[in-house]
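**Student:** Curious how this folds, go ahead:
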Amino acid sequence: MIFGLVTVLTMRITVPTILAFDEHFYFKPTQLVVIRVYICLTALIVLEMILIHLSVGLLYMTTDWIIALYIPLLVYTIYHTYKSCVVNLAYQITDKEAKNFLMEHWNRYIEHDDPFWIQIQRRLHCCGLDGPRTYLDFLRRVHKSCYVDQTEGGLLNLRGCYDVVYDHFNGVRYIGIALSWFALFLQILVLGLYAGYLIKKHNKVRFFRIRKLRIHVT
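**Tutor:** Residues are numbered from 1 along each chain as shown. From the prediction side, this is the model:
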């Protein structure tokens, strides 16, 4: 139930965001990174939930030596999950490439009046890199595509194209980081489950041995 809830909430947040990239074809490389990261994290969480289900079922059926061997394997898995997912995987989602793309075409517009920048502004509904002030910084007149009705003198769009990139990728990146920590938490949970079972069984065996020894002495 918990897994289903987490999956539904995650997909409810990320799927609309991923689909929204379709109209922003400029950011396709970064979109593919987002999809790849979320597929990996979702697959990892599904696999962990299956293993937890099997672990609980086998917990009272297996012998101690199997459990003792499984714990070092879990520790090894936790280490690699932290190293691969928490440290590396989620942080692959970055807006750096998209911002470099915008900067490149902005420079082309400033130096060669490349009309592709105007197309970017119209498609993304933004103005300049950091807003209309970008035009003023380069001693340029604010282009009419920066206005809501596409005509000078109307309502000016104050949203910079960098802001569009930030809104698209930053939230998805933080969700990916949270999923990475959640995947790590599931593994630690299973480790605690097995370790607790071993301690409980050890104490139980010790109790019966002491009790048997006292009966034998008396």
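**Student:** who's in contact with the residue nearest the centre of the chain?
**Tutor:** Nearest to the mean C-alpha position of the chain, by Cα atoms, centre = their mean, lies G176 at 0.8 Å. Going by Cβ atoms under 8 Å, 6 or more residues apart in numbering, G176 touches V34, V37, Y38, L41, L89, A90, I93. For the C-beta atoms, the positions are set from N, CA and C on the backbone; glycine is no exception.
**Student:** Look up the closest residue to it, ignoring the ones flanking it.
**Tutor:** A90 (3.8 Å; Cβ to Cβ, 6 or more residues apart in numbering).
**Student:** Kindly report the same for R141.
**Tutor:** Using Cβ to Cβ, 6+ apart, the closest residue to R141 is Y135 (6.7 Å).
**Student:** Distance of that neighbour relative to P72?
**Tutor:** In this structure, Y135 lies at 61 Å from P72, with Cβ to Cβ, to the nearest Å as the measure.
**Student:** Settle it for me: which of those two has more neighbours?
**Tutor:** More neighbours surround Y135 than the other of Y135 and P72, with 17 against 9 (other Cβ atoms under 10 Å).
**Student:** Correct me if wrong: the more buried one contacts Q121.
**Tutor:** No. Using Cβ atoms under 8 Å, Y135 is not in contact with Q121, being 10.7 Å away.
**Student:** Break down the protein into its strands, ranges please.
**Tutor:** Secondary structure of the chain (DSSP state E): no strands located.
**Student:** Poorly predicted segments of this protein, please.
**Tutor:** Within the chain, the set of residues satisfying pLDDT under 70 comprises 1-7, 9-26, 55-68, 202, 204-218.
**Student:** Longest helix in it, please.
**Tutor:** In the chain, taking DSSP state H as the definition, the longest helix is helix 161-217.
**Student:** Relative to the whole chain's centre, how far out is that helix?
**Tutor:** Centroid separation for helix 161-217 versus its chain: 20 Å, with Cα atoms, centre = their mean, to the nearest Å.
**Student:** What are the boundaries of the helices in this protein?
**Tutor:** Remark: helices assigned in the chain by DSSP H are 2-20, 28-58, 64-81, 96-112, 116-124, 133-137, 161-217.
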